[in-house]
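Peer 1: pasted the sequence and its predicted model underneath.
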Amino acid sequence: MFALIWGAVRTRRAQVLTVLILTALAAAVAAAGPWYAVASSNRAAAADVAAAPAEQRTISVRQIADTQGQPRTVLQQFAAKAQGLLPLPATAPVGGMVMPMTVANGNSTSQIGVAYRDDFCAHVRLDGDCPSRSNEIAISAKAAQQLGVGIGGTTSLRASPTTEPIRLKVVGFYLPADPTGLYWSNSLYRAEGTALDPVFTPLQTFELRELWEPTVSFDVQVPDALIRGGGDLATALRAADVRMGAAELRLVNPIGVLLAVIARDRAEIRTGVLVAMIQILVLAWFAIGLAGRYTGRDRRGDAALLKLRGSARGGMLRLAWGQHVVPLLAGAVVGLPLGWLVARLLAGPLTDGRGTALLLSVVAVAAVLVGGLLVLAVVEGLVLRQPVAVLLRQVGTARGDWRSGVVDLLLLAVAVAAVYQARSSAAGSGLALAAPALVGLAVALLLARLLGRLADRGGGAAVRTGHLRAGLTAVQVSRQPGSDRVFALVVVAVAMFATAVGGWYGEDTARTDRSTAELGADRVLTVQVANRTGLVDAVRTADPGGTQAMAVVVDRAANPPVLAVDSARLAAVARWRPEYGPLGALPSGDLGPAPLPAVTGDRLGVRLTHDGKKAAVLNVVLLNEKSGAPVKVRFGRLGPGDQTLTAPVPGCADGCRILRWEVTSPPTAEGLAFPAPDGTAVTIRALTQQNPSAEILGGAALGDITRWRSGTEGAAMDVDARDGVLRMNVDANLTAQPMVGSAVWAVDTALPLPVVLSGPKASAWQFGESNVSSFGGSPIPVRVAGTAAALPVLGRAGVLVDLEATRRIIGDANPPAEYQVWLAPGAGRAVVDRLVAAGLRVSGDESVSSRSAQLAEQAPATVIRFSLVCGVVGLLLAAAAIGVAGAVDRRTRLGQLTALRVQGLPVRTTVATAYAGPAALIGTGLIGGLLAAAVAGPLARVSIPDFTDGWNVLAAPGALGRNPFLFAGLAALVVLGLVGWLSVLPLVRRLRRAGKAGR
């Protein structure tokens, strides 16, 4: 038996090679699927962890403690207790404590925390000394500017209005070395809302009685390996939360969001890879069965001879089956390592889950082998049950009987069910995932039957009318057994390939679009700088032409969120999209009146008249236009009547602009200055400077009411500007609101501020004045100059404003926000170096390409890549089927065409007919496949998969655009056409040789 099998294998090498190739392709996909799914799931989890904000990778245990003046002991005991209750190793634990306090800030108070943090000085950049003694603090440069305190100065803080103040000495300014890193992930140690950045001090400072009740924290970074583990960690943390609640500890666990994203990624990858793999395996089994049917024609004579000799059906089946075992086993042996290689190239090496992936790969390849054997056994069984007379017949049988029609109807019913699921609420499960392929199959079956009928009826008509080439081609397709199944296979394969190419192209476009929308520019730097003025000045210094860099401020905490851009540079730097509205919707340079003269001297003099019976103090607040540092010029107490006062002006050599006048009562011992008494009125008549001498404010500016405004919140001072003077009057209604209304602001920006709005208007805008509170303590009135479907960075809800306008409105308020520099395409390292030299510290650097590469690790991109590989394999399966059909039919067609040649058919027509048969099959199959892909799109609602995290700001691109559609058609034409040409080439050569010999 073995000798007979081996002899048959050696005799029919072409057929054996075809089955081997088909099996190897199927086995490669089967082996690659599990390995790729596990490796991609690991990479997706790693990418999710890397992309998650630091607070989602740490857990924090907190408690409000009573230290009784023993902060070190309490912190140690708390850390030991927390670590004992945590169900994970304490990787780089960080202990700390913070006490909320208040501090005098101008004419009001601000919230500020006094904090201790393990290894604080190792995680900051210090200008000055690291605090090491009790009552020494390090303060952020931004908070220091707000409070007007420098190194060596002191600041007074209170736990509450009724407690005694504590005086702390500033020994250094700090700047977080990595503000987005794990060390700074705990919100207790960052400024929130309108609060100032906390000050940091040694632990012994908390021995002061006013600091005995801090919030103690113990932060632990969760190892990435545990986060990627998923469910076990979530269960352990839920149990730990219960234990800590019983111990009166609070567990802050933000990891749940990250674990959910990882779980969704894994589930989508598993499902997507499994569906794609099953589809290609079914297609491969069909191709193997088709190859067995074609190659079975050469074995029909063997079967007839064995029947005549009285062989049993089982023996004949074993003999026929044995001829297939060899190529199937060889194909599995070749496909297994090939699949692992492909999976490794696509998904990288596998560390976690290697054993499971290997086992599943072997099982999948075994399934391919078993499935192929079963399919071939069925094919051979159908052949062997035929009578000897039928087996010896050289003319092909009918195209199909009622059984094939029933099978086609069942497949059509399955396709209809899949389409129904795809268009219903169950679109993400069951047959819906395979709906595009099933629609392609349905179209293929219908077109195959239509093609057969057209060939049957059109062939004879063409021959009778003298169109020999068309007629002979149609007759060849009509009378060639199995041509309809080859056609169906080509249609399905081309449809799957076109859909995969369209999905890959669309998903890549979607990732690029999202990356562009989230960043706003080709490359974005996150920078640290003291204030908005310093940011704008540094960018303009580094790029004076305004074509390579743009300063941007993002405030996501505002309602609505705010994106402030240097609108004069927006067109040159940003990657603008139509969804953002027209570029000109946001006016640039609309700053209102011409700016007031800058103060550059070292002393100011003011001529004024004071009306009032009680003491009052006059200040003018300036802002350095290069550093953004506020400068308060204090003219001191005002006497009655007309007077001229002078005061020194520190730090304005670079130029300062006037922000506001302040009329207050004399400051208290703590430095708080309340509004001036009721009835106080101050009339400013002139403001001059010395060194160099110049008039800053004369009658024209002081008497112009368009240059001055009162506050925008609560009760405000009365302002009267006319006849060359500015009169500021403290109204009687201020006595009921002593913290509001002590300033008159210089106007150098048009109000209301023009904005571009995305999303619905805030509810407060519906019944009151439209305003935004992102620009400091007071709300600023705005007007909607344009609307947009979405905005860069902010998405579908927020406002776009001009940064220069907001910078002038904010003045010295300096609310918290994220500072960025957007870089235009082509802005190289030199621009970044100039930005750093101008005073910016780069803490983050991201580009559209890097963000897109990060998103490429998520489930949608991962599944699409594997689907593309399966689409390519499907196309190769169809090509192999065309090849085996051409090889098997070669001898029969040679005899038919030679006979026609003998009867007088020209050589050119004979050769053209030889080419036309495969060309017609490939051409109609290609057109049918592209038609099936086009029909499946809207019918099965084929779309680009949603991002795992649910991001949907921009509309997803089409799943089969024109460019990928044309590319898929061209690629399929090249592959199938090349194989078809190679399969018919030996036949053509013989025909031409016969033609030459006959001359």
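Peer 2: Noted; the coordinates are in hand. Numbers count the residues shown, from 1 in each chain.

Peer 1: the residue nearest the centre of the chain - nearest residue in space that isn't next to it in sequence?
Peer 2: With distances taken as Cα atoms, centre = their mean, Leu855 lies nearest the centre of the chain, 4.9 Å away. Leaving aside its sequence neighbours, Leu855 sits nearest to Arg511 (Cβ to Cβ, 6 or more residues apart in numbering; 4.6 Å). No exception for glycine: its C-beta is placed from N, CA and C like everyone else's.

Peer 1: from Ala32, how far out is that neighbour?
Peer 2: Distance check for Arg511 against Ala32: by Cβ to Cβ, to the nearest Å, it reads 23 Å.

Peer 1: the more surrounded of the two?
Peer 2: Legend: neighbour count by other Cβ atoms under 10 Å for Arg511 and Ala32, higher for Ala32 (31 against 22).

Peer 1: thinking again about what came up before, and the residue nearest to Leu855, what is it in contact with?
Peer 2: By Cβ atoms under 8 Å, 6 or more residues apart in numbering, the residues touching Arg511 are Ser852, Leu855, Ala856, Ala861.

Peer 1: name the helices or strands packed onto the host helix or strand of the first one?
Peer 2: Using DSSP states H and E, the secondary-structure element containing Ser852 is helix 848-855. Where contact means 3 or more Cβ pairs under 8 Å, 6 or more residues apart in numbering; DSSP states H and E, helix 848-855 is packed against helix 13-51, helix 483-519.

Peer 1: would you mark the buried spots in that helix?
Peer 2: The neighbour-count check on helix 848-855 (16 or more other Cβ atoms under 10 Å) flags Val848, Arg851, Ser852, Gln854, Leu855 as buried.

Peer 1: with these in mind, which one is nearest to Leu88?
Peer 2: Nearest to Leu88 among the buried residues of helix 848-855: Gln854, at 26.1 Å, using Cβ to Cβ.

Peer 1: where does the closest one land on pLDDT?
Peer 2: In this model, Gln854 is scored at 91, pLDDT.

Peer 1: same thing with the one 5 residues further on?
Peer 2: The predicted local distance difference test score for Ala859 is 90.

Peer 1: so it sits against Glu268, correct?
Peer 2: Yes. Using Cβ atoms under 8 Å, Ala859 makes contact with Glu268 at a distance of 3.6 Å.

Peer 1: between those two, which has more neighbouring residues?
Peer 2: When neighbours are counted by other Cβ under 10 Å, Ala859 and Glu268 differ, and Ala859 comes out ahead with 26 against 21.

Peer 1: got a list of what the more buried one touches?
Peer 2: Counting by Cβ under 8 Å, 6+ apart, Ala859 has contacts Ala44, Arg264, Asp265, Arg266, Ala267, Glu268, Ile269, Gly272, Pro945, Thr948.

Peer 1: number of residues surrounding the second one?
Peer 2: Meaning Arg264. Neighbours of Arg264 (other Cβ under 10 Å): 17.

Peer 1: next: the first one.
Peer 2: Here the count is done by other Cβ under 10 Å, and Ala44 has 26 residues near it.

Peer 1: next one: phi and psi at the nearest residue to it once chain neighbours are set aside?
Peer 2: Leaving aside its chain neighbours, Ala44 sits nearest to Asp265 (4.2 Å; criterion: Cβ to Cβ, 6+ apart). The phi/psi pair for Asp265 (degrees, to the nearest 10) reads phi -60, psi -50.

Peer 1: quick check: the gap between Asp265 and Ser41.
Peer 2: 7 Å.

Peer 1: would you confirm that Leu868 contacts Thr499?
Peer 2: No. Using Cβ under 8 Å, Leu868 is not in contact with Thr499; the gap is 9.7 Å.

Peer 1: neighbour count winner among those two?
Peer 2: Thr499 (30 against 21).

Peer 1: do you know the pLDDT at the more buried one?
Peer 2: With respect to pLDDT, Thr499 has a value of 91.

Peer 1: report the separation between it and Leu659.
Peer 2: Thr499 is 62 Å from Leu659, by Cβ to Cβ.

Peer 1: over to Val368?
Peer 2: 76 Å.
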